[in-house]
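Pasting a predicted model and its sequence here:
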Amino acid sequence: MAELAQQDRDPADRRPSWRRGSRIEEALATLKLSSPIAAGLLAEVGMGVADYIMAGKLGAQQLAATGLGAQLLFTFHLLPMGALGSVSALGAQAHGANDPEQVSRVVRQGLRFALCLALPACLLVLLMAPLLRLSGHYDPAVIDQVSALIILGMPSVPAVLMFTVLRNYVMVLSRPMVAMVTALIALPLTVLGNYITMYGHFGCPKMGVAGVGLTMSLVQWVQLLVIAAYVFRQPVLRQYQVFHHLLKHDRRIFTDLLRVGWPIAAGYAFESGMFMAATVLIGEFGVATLAAHNAVLNLTSISFMIPYALSQAATVRVGYAIGAGAPAAARRAGYTGILLGVIWMSCTAAALTFLPRPLLGFYMDVDAPENALAVAAGLTLLPIAALFQLVDGLQVTTIGALRGLKDTRIPMVLCGCGYWLAGLGSAYLLAFRLGFQGAGLWWGLAIGLMVSATLLVLRWKQISDRLVDRFDTSALAETM
């Protein structure tokens, strides 16, 4: 594979001046890698929107069941996907070190890791409906529909996880376009599948909410087959032979994937838990405040896809440089990804600040008298969300840069402290004790993200500077 390693290196890596490359060159490389990822993530958001819109046409009960069932399934997609982020970190360092054999081994063990994660995730999915019944907080009719959705959607779990491994693989080899194409294929397939299964067209029985789960499983397996076919047929990717020897266990690499990956999954759990808790708590302040909260949170979630894509690109770019023994280039790549994330979030923060009514207009009729309270609450939350966006973009891109160094445990602890102690702690104090209600809750979220972002940036600076200093000291010793 030596010739392959030279053929398939990132174009920037082949230049003799790569280690001395400019920030502009690094920014262009990061944008080239992250743009298809962002487009694919936005298409995935579109699939969720399609589920909600089409379920809403069946009635409020069906919409509620779809939202709850889809959120439960998404949780059991998200947490294992976080653990599989280790494939990008290890694969990028191997690729940067010009070691294609190691890249192949990482991807193979990543596929095995995905299947190991899928089994407990599926078992936990099956427990959700009985647990909801025991809670006594939900209408039995809603639980019946949720149960049907998650049972039929359960086969999507292994497909999503194996797709994630292959998506990380093509990212490492700077071929992210296929991931975008599969998501763009999946979006209309989701709409078509829902139309057929939910509403009972083309001879299919009318399945209602259960159709969302069936469509989800079918579409996720289509996505997996498309990207697997691309990996198998694309000449360079095929030479890595990632589908060979899948039954062979490599204990060292598998353990490394687990060691790097589990803190990423825990970090995802901390963050998603913070937002779920905030949504539950804000319901205490009335329907209007809850509606405004959901609208603003959805706006911020959509814009978050861009720095999230930049974060994944930063992991790969930093990993390339570390694998190639160029810590100064790794530091530059990390700071470039962080800066790009802040620039994007500054633009969205400006939009939230100066265009609040048009943005709320996507979710509600801002001129309707019956929406006056929700609109007023939204206008209060949007300026806070602007600050929230800035620090959210800063923290997620810094996390991505740290993953490129395989540094995940300390960032997990820092995020847990920021999200839960500083974030939810101050949110509860401001909202309930000091009487700021919904605005206080959002100020708490912003404070939590600000604390975690500050700690993560300090961590990145400490480690990246230390690596550069060690390299400079070693280089000086060799010349003496």
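Looks like it came in fine. Numbering: from 1, shown residues only.

Buried residues in stretch 364-374, which are they?
Neighbour-count burial for stretch 364-374, counted by 16 or more other C-beta atoms under 10 Å, picks out Met364, Val366, Asn371, Ala374. (Each C-beta comes from the backbone N, C-alpha and C, glycine too.)

Stretch 370-390 too?
Here stretch 370-390 shows 371, 374-375, 377-378, 380-390 as buried, counting by 16+ other C-beta under 10 Å.

Just flag the most distant two among those residues.
The distance between the two most remote of those (C-beta to C-beta) is 28.2 Å, for Asn371 and Leu390.

Tell me where the stretch 251-400 of the chain has helices.
Using DSSP state H, counting those that start in this stretch, the helices of the stretch 251-400 of the chain run over 251-282, 287-323, 327-354, 356-360, 372-404.

Could you give the average pLDDT over the last one?
Averaged over helix 372-404, pLDDT sits at 91.

and Pro158, how many residues sit next to it?
21 (other C-beta atoms under 10 Å).

Scan this structure for its longest helix.
Across the chain, the longest stretch assigned as helix under DSSP state H is helix 437-479.

relative orientation of it and helix 372-404 in degrees?
Following axes from the mean of the first three to the mean of the last three C-alpha atoms, to 10 degrees, one obtains 20 degrees for the angle between helix 437-479 and helix 372-404.

Show me what helix 437-479 packs onto, helices and strands only.
helix 251-282, helix 287-323, helix 327-354, helix 372-404, helix 409-416, helix 425-428 (3 or more C-beta pairs under 8 Å, 6 or more residues apart in numbering; DSSP states H and E).

Any idea how far the longest one is from the middle of the chain?
Centroid separation for helix 287-323 versus its chain: 7 Å, with C-alpha atoms, centre = their mean, to the nearest Å.

Likewise for stretch 363-376?
31 Å.

Contacts for it next, please.
Residues from elsewhere that reach stretch 363-376, judged by C-beta atoms under 8 Å, 6 or more residues apart in numbering: Gly286, Val287, Ala288, Thr289, Ala291, Ala292, Asn294, Ala295, Asn298, Arg357, Leu360.

Can you tell me how far the nearest residue to the fourth one once chain neighbours are set aside is from Val375?
When the adjacent residues along the chain are set aside, Thr289 lies closest to Gly438, with 4.2 Å between them (C-beta to C-beta, 6 or more residues apart in numbering). Distance check for Gly438 against Val375: by C-beta to C-beta, to the nearest Å, it reads 13 Å.

Need the residues touching each of these two.
Both Gly438 and Val375 are in contact with Ala292, where contact means C-beta under 8 Å, 6+ apart.

Domain map for this protein?
Each domain of the chain is listed here as a residue range: 35-249, 259-475, per automatic domain parsing.

Tell me where the stretch 101-250 of the chain is predicted with low confidence.
Applying pLDDT under 70 to the stretch 101-250 of the chain picks out residues 135-138.

all helices of it, in order?
140-153, 156-172, 177-199, 210-233, 235-239.

Which among these is found nearest to Ala313?
With respect to Ala313, and counting by C-beta to C-beta, the nearest of the helices of the stretch 101-250 of the chain is helix 156-172 at 7.7 Å.

Secondary structure element for Glu25, which one?
Per DSSP states H and E: Glu25 is located in helix 23-56.

would TSV of the helices of the stretch 101-250 of the chain with distance to Pro80 be doable?
Shown next, in TSV, are these (distance: least, C-beta to C-beta, whole Å):
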stretch	distance to Pro80
helix 140-153	15
helix 156-172	5
helix 177-199	18
helix 210-233	13
helix 235-239	23
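
His245: neighbouring residues, count only.
12.

For it, grab phi and psi.
phi 60, psi 40 (degrees, to the nearest 10).

Could you check how far the residue lying closest to it once chain neighbours are set aside is from Val451?
Excluding the flanking residues, the one nearest His245 by C-beta to C-beta, 6+ apart is Arg108, at 6.3 Å. Arg108 is 39 Å from Val451, where distance means C-beta to C-beta.

between these two, who's got more neighbours?
Neighbours per residue, other C-beta under 10 Å: of Arg108 and Val451, the larger number sits with Arg108, 24 against 21.

His249 is in contact with the more buried one, correct?
No - applying C-beta atoms under 8 Å as the test, Arg108 and His249 come out as separate, 9.7 Å apart.

in stretch 37-50, what's buried?
37-48, 50.

from the chain's centre, how far out does it sit?
Distance, centroid of stretch 37-50 to centroid of chain: 11 Å (C-alpha atoms, centre = their mean).

Just the CA trace of it, in CSV.
Extracted as CSV, the C-alpha positions of stretch 37-50 are listed here (Å, rounded to 0.1, in the frame of the first residue of the first chain):
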residue,chain,number,x,y,z
ILE,A,37,-20.6,17.4,5.5
ALA,A,38,-22.7,20.5,6.4
ALA,A,39,-25.0,19.9,3.4
GLY,A,40,-25.5,16.3,4.4
LEU,A,41,-26.3,17.3,8.0
LEU,A,42,-28.8,19.9,6.8
ALA,A,43,-30.5,17.2,4.6
GLU,A,44,-30.7,15.0,7.7
VAL,A,45,-32.4,17.8,9.6
GLY,A,46,-34.8,18.1,6.7
MET,A,47,-35.7,14.4,7.1
GLY,A,48,-36.8,15.1,10.7
VAL,A,49,-38.8,18.2,9.6
ALA,A,50,-40.5,16.0,7.0
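
Use 531 as the first number from now on
All right, first residue 531 from here; so that's stretch 567-580.

mean confidence for it?
Across stretch 567-580, the average pLDDT comes to 86.

do stretch 987-996 as well
Mean pLDDT, stretch 987-996: 94.

buried set for that stretch?
So for stretch 987-996, counting by 16+ other C-beta under 10 Å, buried means Val987, Arg989, Trp990, Ile993, Ser994.

And for stretch 599-607?
Using 16+ other C-beta under 10 Å as the test for burial, stretch 599-607 gives Gly599, Ala600, Leu602, Leu603, Phe604, Thr605, Phe606, His607.

of those, closest to Val676?
Using C-beta to C-beta, Gly599 is the member of the buried residues of stretch 599-607 that lies nearest Val676, at 4.2 Å.

Figure out the helix or strand that the closest one lives in.
With DSSP H and E as criterion, Gly599 is part of helix 590-613.

angle of that helix against helix 781-812?
150 degrees.

Would you mind listing the outside residues contacting whatever helix or strand comes next after helix 590-613?
Next in sequence after helix 590-613, counting helices and strands by DSSP H and E, comes helix 616-626. Here helix 616-626 makes contact (C-beta under 8 Å, 6+ apart) with 539-540, 543, 630, 632-633, 636-637, 640, 643, 694-695, 698-699, 701-703, 783, 786-791, 794, 842, 845-854, 933-934, 936, 938.
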